[in-house]
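K.L.:
below are the sequence and a predicted model; questions follow.
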Amino acid sequence: MKKFDITTPIGIIVGISVLLLAVFSNAGASGLIFFIQLASVLIVGGGLIAGLIINFSFTELKILPKVLRESFRDQDHDLRILIDTFVDLSGKARREGLLALEAGLDEVEDPFIKKGILLAVDGIEPDVIKDIMMAEVVAMEERHRKGRAILEKAAEYAPAWGMIGTLVGLILMLQNLNDPATLGPNMAVALLTTLYGTVLANLVFTPMASKLANKTDEEVFVKQIIIEGVIGVQSGQNPKVLQEKLSAFLSNNDKIIDETMGEAYEA
Amino acid sequence: MKKFDITTPIGIIVGISVLLLAVFSNAGASGLIFFIQLASVLIVGGGLIAGLIINFSFTELKILPKVLRESFRDQDHDLRILIDTFVDLSGKARREGLLALEAGLDEVEDPFIKKGILLAVDGIEPDVIKDIMMAEVVAMEERHRKGRAILEKAAEYAPAWGMIGTLVGLILMLQNLNDPATLGPNMAVALLTTLYGTVLANLVFTPMASKLANKTDEEVFVKQIIIEGVIGVQSGQNPKVLQEKLSAFLSNNDKIIDETMGEAYEA
Amino acid sequence: MKKFDITTPIGIIVGISVLLLAVFSNAGASGLIFFIQLASVLIVGGGLIAGLIINFSFTELKILPKVLRESFRDQDHDLRILIDTFVDLSGKARREGLLALEAGLDEVEDPFIKKGILLAVDGIEPDVIKDIMMAEVVAMEERHRKGRAILEKAAEYAPAWGMIGTLVGLILMLQNLNDPATLGPNMAVALLTTLYGTVLANLVFTPMASKLANKTDEEVFVKQIIIEGVIGVQSGQNPKVLQEKLSAFLSNNDKIIDETMGEAYEA
Amino acid sequence: MKKFDITTPIGIIVGISVLLLAVFSNAGASGLIFFIQLASVLIVGGGLIAGLIINFSFTELKILPKVLRESFRDQDHDLRILIDTFVDLSGKARREGLLALEAGLDEVEDPFIKKGILLAVDGIEPDVIKDIMMAEVVAMEERHRKGRAILEKAAEYAPAWGMIGTLVGLILMLQNLNDPATLGPNMAVALLTTLYGTVLANLVFTPMASKLANKTDEEVFVKQIIIEGVIGVQSGQNPKVLQEKLSAFLSNNDKIIDETMGEAYEA
Amino acid sequence: MKKFDITTPIGIIVGISVLLLAVFSNAGASGLIFFIQLASVLIVGGGLIAGLIINFSFTELKILPKVLRESFRDQDHDLRILIDTFVDLSGKARREGLLALEAGLDEVEDPFIKKGILLAVDGIEPDVIKDIMMAEVVAMEERHRKGRAILEKAAEYAPAWGMIGTLVGLILMLQNLNDPATLGPNMAVALLTTLYGTVLANLVFTPMASKLANKTDEEVFVKQIIIEGVIGVQSGQNPKVLQEKLSAFLSNNDKIIDETMGEAYEA
């Protein structure tokens, strides 16, 4: 149900290409090589890691790779298929009883829907089902928030360590002005860390944290539809009524973005 | 009902003219040409696009052109005509019954009024009509907020990429100081990206995002009057009473801005 | 009831005098002339206007002159006189009846008090009077907030355009370094726009927006006393009780600032 | 009950000593003299005053000296003595009746306790006493907030005017580069205003505003204990119960900071 | 129950090593020595201390060492052991009565659990127990917030005093430009304070304040489980039900971070 989200790598490739092109068109391949200085990478990367280690516990930092992987993935939310699933389940439940749903659960891929249907089959009350499922949604939001916090702190520390690197470079340069010929290149190296920090913050950390926030919002929205669907199936709602009810969600979000947006503005 | 909003293009033209004049009066036409450097445009534009691609999904970015178009349009809200419409509808509904309104709906241009009247004609209860129409208003606010978010993020990324471009230019320049004659022009080129980023943020993205927020507020205000009007028409309110009621809205907003403002201050 | 608020012009004159003195003592009259460059005024002023035109609609911008006039005025709120007015009205109402108040309304200058008394004389219920008068107070707050928003945005755009002007000046200067003698003066001119933008923001726009916010708070406070007074007069409250009640407001605000402040700190 | 708060002057003396020492160790007494330039003092001080005059009304500015004096004073809140006072009052009230308290009021120094006891003796209901005393606390908070606002605005305007002074100095210097020997000293003078503004903001205005906020919190806390004490005395509460009740406050604040803090962390 | 939190010192060591390595690889051991200047340490450290002394009272500052020690410690919260403790206590209470718990309290290390069980044994009502224990949690949060405030203010003052030190250095340098050979080293020394301030803020104060905030959140979470456990034990809840109930907390936090996180993202 998840596919590779091509926009994050495309964005990063576009951003880096723009930088490479700008350098290459001015200074050729040798210019490009100059822009990669191990010492500068070390100072920004090392300082950033140091800041994050102090800021977060190891338990929290272990989330980071999963968070990064997440921002390269796109959940394929076809809400119409989702609604059809619940319409089918609702029809089956009315024809054959709630217990009959357990047999067909293997076809349902989404573990959140599965859990909900199992709770419904177990005869747990709607309010309790809603509480249990919402608790999971809230826990997911909290988890995503913690993961995002690492990227947001990284966006804060990266430019700071870029500036620290530049200060170190400038101090070293100024301390020893004997050879004026080295003045320019030394200052160029000093400025590299500021460049690294600024690019990391504005091309990687800030946009990724922002995209993760958008994705969390969307995920919460989908999970709320699922909860409504499960409650509807359990309470033996008429499939048509359930479809209408769930489509109301649709019209306030996906459908609108795709089609109604323009009309809405033209209206 | 929408007309071209002349203030946005006027503002942009004034801003750019001021810049061109300042350059032209100092350095003539050749100076002007210097201020347009393809590489600098590429680095700010490319970086900005890269950041936005990572930050938003394609579904969200597809909203952008509509959002931009919106900030060049002005909805012609003549609230007096709007109130008259409801007074007429209310009179007709009392004389000929609610069903008679359906026949005259072709004359009503605004789709939001149409939808409301159709719901009223269908005999749906006032509370439900209010819920349905408010849900649409909330969805509109959320949609506008998402579109505005793109402009707000652009206002954040543009100066950052301007600074990145300047850093790249400075590093290239410092790395190779052999020819002192090129020092000045090279640094001038390096500063161009900072200029582009700052102008984009302060002339285009920030003011546009701000204007869209004001327009959303106004649109929500108008739609609230329409909802009150529809409810009034359905409940068979006396046209005079409805007029008084809707004019109360008017006095707290439009009328006041135009006329009462001065008195209020003088009071 | 309004008088010229001398503090705003005094502050602006003090600020500008300080600047002029600093320049004059260093560089004489010729130095002063150098600080007024038409091109620099044009770029900051033009850019600022361009940003504001895009940011606000014409309807909103038309409020600006009234807002500026307002920050040069001071409402003379003698709360003791205000309270005496209500004590008199209350006594008269108890002696001669509410209708008798209409005759003496010509002596009441404040239109807000007039409106309140007329509503009371018309026999409208206290709750409704309070709602109507509070609606007017809320509308006033909203109107002031909109007017203040223009000054706040101006305080944001002015330094940005100052920096844009400096960037343009620096780029022009660096582009043509042939004549080293012009280097200094050219850079001096470039820095002028940053100076203009910073002075405008920190001497004019930010303090004025801040003072308007304080004035709005004070006006809301006075109008709330008036509302309490009108309700008290209408409900035939004993003049002494009304005086006590309204003086409670006084002690929490004006009286305290003047006299109790010190004691309160010393206590 | 108030004593001189030695930390504020100590802090300011430490900060200034550090600066003087740094200058003196580098440049001797003559260097120190250079750091006091009348023109620079004038531009930062004058601009700051100009900004504050526009920002606040005279009524508000008159609070400033009291606010400044306040941050050099420390209220000696011995909460145990305070609680003992109420335990004594409570015992006396139970033995001899509420009216007997009036005789011993001369020994009570705190006017807030006095006022509360007088209200209790007058037989006013507990809810009303609480309302009246809380109104005074809220008024005190509001007054302190207004006074603090002046310091907070000063912390905002001081560095801005420091920068304005430096810009003026740089422009004057660049305008006339004839004598290279004066270049350094002129630029040094230009930078002085930025130094003044930054030191004022970070050594004086920001820490003082912050300390006043802490003091207000503490004062509100003490006054809340007094209100609970007065209510307890009036309602004839058992002295032991009253002591337990008031000590609960103590344990959540003072006691904890002094003793439990460490344990709490070690726990 | 507390162990040494190795991540804070590791982070600080990593950060400082990165800086030392960057300097050493460029300038050798002599370069390293240059980076430690007593005067620069004095100005940043002294100014920082001066700001904090003015900003906080001595009572508040005395918390600092405990706060610093806290960020080098890690509370070993094995929630499964915690839950087992309550399951055991609950079983014992059902078998032998609440009073029997008092005997085994010596084995319980955590003073917060001890206090809760003692309150339960004393027969105090569940609501009152919850109030008392929550009051302690709120007091702990408030105490941690105050301690964190010192670090947060330090993160604000450190770079400011770094800049002040650099300004003083620059002014001294510019004032006396006679010997061009000393220009570079003098400016290098001037920049050192900015480096110190930035490193202190971004390597020490900001990450530590942020980690303390995370730790407070975690501690509050653990204490809430303990409160639920104590209430469960007192009300004679079935040990199995209590285990289920407390594990619900677990699944929303610890368990999820360790195991479910990945699945949740893959789901």
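P.N.:
Thanks, I have the structure now. All of these numbers come straight from a predicted model, not from anything done at the bench.

K.L.:
where along chain A do the helices fall?
P.N.:
Secondary structure of chain A by DSSP state H: the helices cover A:7-34, A:38-55, A:58-61, A:64-70, A:79-96, A:100-103, A:111-121, A:126-175, A:183-199, A:206-234, A:239-252, A:254-255, A:261-266.

K.L.:
how many neighbours does A:D179 have?
P.N.:
The number of residues packed near A:D179 is 8, by other C-beta atoms under 10 Å in any protein chain shown. For glycine as for every other residue, the C-beta is placed from the backbone atoms N, C-alpha and C.

K.L.:
per-residue confidence for it?
P.N.:
Each residue has a pLDDT score; the one for A:D179 is 75.

K.L.:
what does it show for phi and psi?
P.N.:
The phi/psi pair for A:D179 (degrees, to the nearest 10) reads phi -100, psi 100.

K.L.:
now the helices of chain A in TSV, with mean neighbour count and distance to D:V121?
P.N.:
Formatted as TSV, the helices of chain A follow (neighbours: other C-beta atoms under 10 Å in any protein chain shown; distance: least, C-beta to C-beta, whole Å):
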stretch	mean neighbour count	distance to D:V121
helix A:7-34	17	73
helix A:38-55	22	57
helix A:58-61	15	59
helix A:64-70	16	65
helix A:79-96	17	70
helix A:100-103	14	74
helix A:111-121	19	64
helix A:126-175	20	53
helix A:183-199	22	68
helix A:206-234	20	59
helix A:239-252	16	63
helix A:254-255	16	70
helix A:261-266	16	68
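
K.L.:
residue of the stretch 151-267 of chain A nearest chain D, please.
P.N.:
A:L174 (16.0 Å; C-beta to the nearest C-beta).

K.L.:
do I have it right that that residue meets E:G184?
P.N.:
Yes: with contacts counted by C-beta atoms under 8 Å, A:L174 reaches E:G184, the gap being 4.2 Å.

K.L.:
can you get me a residue count around the closest residue to chain D within the stretch 1-150 of chain A?
P.N.:
Here the stretch 1-150 of chain A gets closest to chain D at one residue, A:S57, 17.0 Å apart by C-beta to the nearest C-beta. If you count neighbours by other C-beta under 10 Å, A:S57 ends up with 16.

K.L.:
list the contacts of it.
P.N.:
E:D5, E:T7, E:D74, E:K211, E:N214 (C-beta atoms under 8 Å, 6 or more residues apart in numbering or on different chains).

K.L.:
now, which of those sits nearest D:L19?
P.N.:
Relative to D:L19, the closest of these is E:K211; by C-beta to C-beta it sits at 32.6 Å.

K.L.:
tell me which residues touch the closest one, please.
P.N.:
Residues in contact with E:K211 (C-beta under 8 Å, 6+ apart) are A:I54, A:N55, A:F56, A:S57, E:T8, E:S71.

K.L.:
Serialize the residues you listed to JSON lines and add fields for distance to D:L246 and pLDDT.
P.N.:
Shown next, in JSON lines, are the contacts of E:K211 (distance: C-beta to C-beta, whole Å; pLDDT from 0 to 100):
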{"residue": "A:I54", "distance to D:L246": "41", "pLDDT": "92"}
{"residue": "A:N55", "distance to D:L246": "41", "pLDDT": "93"}
{"residue": "A:F56", "distance to D:L246": "42", "pLDDT": "91"}
{"residue": "A:S57", "distance to D:L246": "40", "pLDDT": "85"}
{"residue": "E:T8", "distance to D:L246": "39", "pLDDT": "86"}
{"residue": "E:S71", "distance to D:L246": "34", "pLDDT": "70"}
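
K.L.:
so does stretch A:37-44 get close to chain B?
P.N.:
No: using C-beta under 8 Å from any C-beta of the partner chain, we find that stretch A:37-44 stays clear of chain B, coming within 10.3 Å at best.

K.L.:
quick check: most distant residue from the centroid of chain A.
P.N.:
Relative to the centre of chain A, and counting by C-alpha atoms, centre = their mean, the farthest-placed residue is A:N178 at 50.5 Å.

K.L.:
E:G169 versus that one, what's the distance?
P.N.:
Going from A:N178 to E:G169 by C-beta to C-beta, to the nearest Å gives 21 Å.

K.L.:
kindly report the same for A:I54.
P.N.:
From A:I54 to E:G169 the distance is 29 Å (C-beta to C-beta).

K.L.:
please report how far the residue farthest from the centre of chain A lies from A:L170.
P.N.:
Separation of A:N178 from A:L170 (C-beta to C-beta) stands at 16 Å.

K.L.:
next one: A:G46
P.N.:
In terms of C-beta to C-beta, A:G46 sits 19 Å off from A:L170.
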